[in-house]
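Colleague: Here is my input; please provide its structure:
(one chain, ligands or ions: 1)
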Amino acid sequence: MEFECEQCGGQVQVPKDALSGELVSCKDCGSEYEIMIDENGTIELKAAEEVGEDWGE
Ligand SMILES: [Zn+2]
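Modeller: Numbering: from 1, shown residues only. This is a model prediction of the structure:
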């Protein structure tokens with residue numbers, strides 16, 4: 001399954017057996033997205049820029 005990268009418009013690959021909360025990254029720009037799967041099985045990507053950054057202690 002492929003999604004469009006919000007940052008560069010590139011293709012972000014999401015495996016069919018992806019789990020909610022998993023992180024995927026754009027091959028083109030390296031932006032990270034968290035996979036969100038709702039009860040209906042609808043997959044959405046949420047930009048995960050805030051996650052894993054150094055700010056905050
Ligand atoms: Zn990208």
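Colleague: Does the ion have contacts with stretch 29-45?
Modeller: Yes: among the residues of stretch 29-45, 29, 31 lie within reach of the ion under C-beta under 5 Å from the ion. Every residue, glycine included, has its C-beta placed from N, CA and C.
Colleague: and the helix or strand containing V24, what other elements does it pack with?
Modeller: Using DSSP states H and E, V24 sits within strand 23-25. Contact here means 3 or more C-beta pairs under 8 Å, 6 or more residues apart in numbering; DSSP states H and E; on that basis strand 23-25 packs against strand 11-13, strand 32-37.
Colleague: What residues does this protein have near the ion?
Modeller: 5, 7-8, 10, 26, 28-29, 31.
Colleague: got the residues you listed as TSV, with pLDDT columns?
Modeller: Compiled in TSV, the residues of the chain next to the ion are given as follows (pLDDT from 0 to 100):
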residue	pLDDT
C5	95
Q7	92
C8	96
G10	95
C26	94
D28	93
C29	95
S31	93
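Colleague: quick one: which of those residues is nearest D17?
Modeller: Relative to D17, the closest of the residues of the chain next to the ion is C26; by C-beta to C-beta it sits at 19.8 Å.
Colleague: sorry, back to before: deepest-packed of the helices and strands packed on strand 23-25, please.
Modeller: Highest mean neighbour count of these: strand 32-37, a mean of 18 (counted as mean count of other C-beta atoms under 10 Å).
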